[in-house]
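Participant: All I have is the shape, not the residue letters:
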Ligand SMILES: [Zn+2]
């Protein structure tokens, strides 16, 4: 599709009709990024006071909490005052989903589910304004690389298992002027087939899971195909930390900037890499704290748990939400001219590939799609052998006798009919040392 048709006749009007005026917010956030650090800090603290006021006035979960702690909204004026409130874990969100929503919110709300990279499915309600602001921030960052709304995107991403959900995604892809390469099917033959499709599509940029783009590049290299002539403006890697071996191959494969995006389904983009290679925090929309194991802020340069307060979502505010990642705050100033503060990722969402018996690879994010059922609270899969997968499950109250069969069918559709799938039911899945739940562990000696 022509870029201008995609931008002015599809994306912007569709979003506008959904109550998401992205154009208006884009103008605002573009002004914000030109502000000085102290202006950005003032803006952030002002928005924080507003969201705290909303939480205290309208949200049952926080009304009770403020009362129990004997705190009034006036006690929270800036990010440092947030220490007076407890950190909100994913489990607490799961257990209090209803009490975290404003029961009298009158605007249309949109349901969002977490990507499930922590193995736990959470539901979030977002108002149109908050979603429009997230999109505006995304396009502000893409503009650092001259990528615009409507530009052609190749998306290395998950593909839903259910046919109706797949069709819905295809329609969304069409409107957004993008084609999708399944991250669940990164094999040599499929990559070669997809390469032809990509070449004909003439994309402006690549976007997707770091390991999926990495897998694609590996097979292209093996096949002697050079990706230079695609003339991409940028490759944006997300959802997984970019390790040096990824960076090395990307530098060989692409003659354009390869950029790290750090975000979440709950908060949109949290930090984005600028042309000088630094990760800028979206502090005009988020309060991001870095905390130690006692919930105290770590010193600059020290690793801490990333805890986020979204400042735009008034329908379901999440204050001090522990996102499950580790990052380092920085007080360095970037030479790119943007004064949004900096951070460094330490340990991102480490995902892996499931290796099939025939050598094909399936991205482990596939599990988030197949096991992300309402019947499952938490899951974790171990690949014991190429033909044996063991799935640990924490049942939700909706789990029935038929649920296991359904999960097994879903898994088999991508992993093969002859694979042995065993299920293990637990009350809770043991966490990693960092407190994170790693949802896929390969016990095979051979890795990607
Ligand atoms: Zn910068």
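Facilitator: Now that the structure is in, tell me what you want to look at. Everything numeric here is computed off the predicted structure, so don't read it as measured data. Numbers count the residues shown, from 1 in each chain.
Participant: For the lengthiest helix in the chain, give me every contacting residue.
Facilitator: Criterion DSSP state H: the longest helix present in the chain is helix 37-58. Defining contact as C-beta atoms under 8 Å, 6 or more residues apart in numbering, one finds that helix 37-58 is touched by 32, 35, 62-63, 66, 72-73, 76-79, 82, 102, 104-105, 283-287, 309-314, 317, 319, 333, 339-341. Backbone N, C-alpha and C define where each C-beta goes, glycine included.
Participant: What's the first helix or strand after it?
Facilitator: Heading C-terminal from helix 37-58, the first helix or strand you meet, by DSSP states H and E, is helix 60-69.
Participant: Give the buried residues for stretch 304-323.
Facilitator: 304-323 (16 or more other C-beta atoms under 10 Å).
Participant: Which positions within the longest helix of the chain qualify as buried?
Facilitator: Buried-residue list, helix 37-58, by 16+ other C-beta under 10 Å: 40-41, 43-45, 47-49, 51-52, 54-56, 58.
Participant: among the contacts of helix 37-58, which are in helices?
Facilitator: 32, 62, 63, 66.
Participant: Taking those residues together, which two end up most distant?
Facilitator: 32 and 63 (30.8 Å; C-beta to C-beta).
Participant: The two - which one has more neighbours?
Facilitator: Ranked by neighbour count (other C-beta atoms under 10 Å), residue 32 and residue 63 place residue 32 first, with 20 against 14.
Participant: Hmm, residue 280 and that one touching each other?
Facilitator: No: at 11.7 Å, residue 32 does not count as touching residue 280 under the criterion of C-beta atoms under 8 Å.
Participant: Leaving out the residues flanking it, which one is nearest to residue 359?
Facilitator: Distance criterion C-beta to C-beta, 6 or more residues apart in numbering; nearest residue to residue 359, sequence neighbours excluded, is residue 187 at 7.7 Å.
Participant: taking the buried residues of stretch 304-323 one by one, which sit in strands?
Facilitator: Using DSSP state E, the members of the buried residues of stretch 304-323 that fall within strands are 304, 305, 306, 307, 308, 309, 310, 321, 322, 323.
Participant: quick revisit: which one of the buried residues of helix 37-58 is nearest the ion?
Facilitator: Nearest to the ion among the buried residues of helix 37-58: residue 40, at 13.3 Å, using C-beta to the ion.
Participant: Now do the strands in the stretch 151-300 of the chain.
Facilitator: In the stretch 151-300 of the chain, the strands defined using DSSP state E, counting those that start in this stretch lie at 153-157, 178-182, 205-209, 234-238, 258-264, 268-273, 279-281, 286-291.
Participant: rewinding a little: for the residue nearest to residue 359, which residues are in contact?
Facilitator: With C-beta under 8 Å, 6+ apart, residue 187 has these contacts: 219, 359, 360, 361.
Participant: go on, residue 128?
Facilitator: Here residue 128 is in contact with 18, 19, 20, 107, 108, 110 (C-beta under 8 Å, 6+ apart).
Participant: Against residue 265, how distant is it?
Facilitator: Using C-beta to C-beta, to the nearest Å, we find residue 128 at a distance of 16 Å from residue 265.
Participant: next one: residue 136
Facilitator: 17 Å.
Participant: Who has more neighbours out of those two?
Facilitator: residue 136 (26 against 15).
Participant: In the helix or strand containing the more buried one, which residues are buried?
Facilitator: Under the criterion of DSSP H and E, residue 136 resides in helix 128-143. For helix 128-143, the neighbour count (16+ other C-beta under 10 Å) marks 128-142 as buried.
Participant: Residues of the stretch 101-250 of the chain that sit close to the ion?
Facilitator: Contact residues, the stretch 101-250 of the chain versus the ion (C-beta under 5 Å from the ion): none.
Participant: Most proximal residue of the stretch 101-250 of the chain with respect to the ion?
Facilitator: Closest approach between the stretch 101-250 of the chain and the ion, counting by C-beta to the ion: residue 144, at 8.4 Å.
Participant: for that residue, phi and psi?
Facilitator: When read as degrees, to the nearest 10, the backbone of residue 144 gives phi -60, psi -20.
Participant: and it, how many neighbours does it have?
Facilitator: Residue 144: 18 neighbours (other C-beta under 10 Å).
Participant: which ones are touching it?
Facilitator: Taking C-beta under 8 Å, 6+ apart as the test, what residue 144 contacts is 272, 274, 275.
Participant: roughly how far apart are it and residue 272?
Facilitator: The gap separating residue 144 from residue 272 is 7 Å, by C-beta to C-beta.
Participant: which stretches of the stretch 201-350 of the chain have low pLDDT?
Facilitator: Residue ranges of the stretch 201-350 of the chain with pLDDT under 70: 347-350.
Participant: where along the stretch 301-448 of the chain do the strands fall?
Facilitator: Using DSSP E, counting those that start in this stretch, strands in the stretch 301-448 of the chain cover 304-310, 321-330, 342-347, 353-355, 361-363, 376-385, 388-395, 420-425, 440-442.
Participant: now for those, which one comes closest to residue 208?
Facilitator: strand 361-363 (9.8 Å).
Participant: Can you name every helix or strand that the closest one contacts?
Facilitator: Packing partners of strand 361-363 (3 or more C-beta pairs under 8 Å, 6 or more residues apart in numbering; DSSP states H and E): helix 210-222, strand 353-355.
Participant: Run through the neighbouring helices and strands of the last one.
Facilitator: What that stands for is strand 353-355. Other helices and strands packing on strand 353-355, by 3+ C-beta pairs under 8 Å, 6+ apart, are strand 361-363, strand 376-385, strand 440-442.
Participant: now, of these, which is deepest in the fold?
Facilitator: strand 361-363 (a mean of 24; mean count of other C-beta atoms under 10 Å).
Participant: So for stretch 142-150, first residue to last residue, what's the gap.
Facilitator: Using C-alpha to C-alpha, to the nearest Å, one end of stretch 142-150 lies 12 Å from the other.
Participant: chain center to it: distance?
Facilitator: In terms of C-alpha atoms, centre = their mean, to the nearest Å, the centre of stretch 142-150 is set 19 Å apart from its chain centre.
Participant: show me what contacts the closest residue to residue 403 other than its chain neighbours?
Facilitator: Leaving aside its chain neighbours, residue 403 sits nearest to residue 375 (4.3 Å; criterion: C-beta to C-beta, 6+ apart). Contact analysis of residue 375 by C-beta under 8 Å, 6+ apart lists 395, 396, 398, 399, 400, 403, 406, 407.
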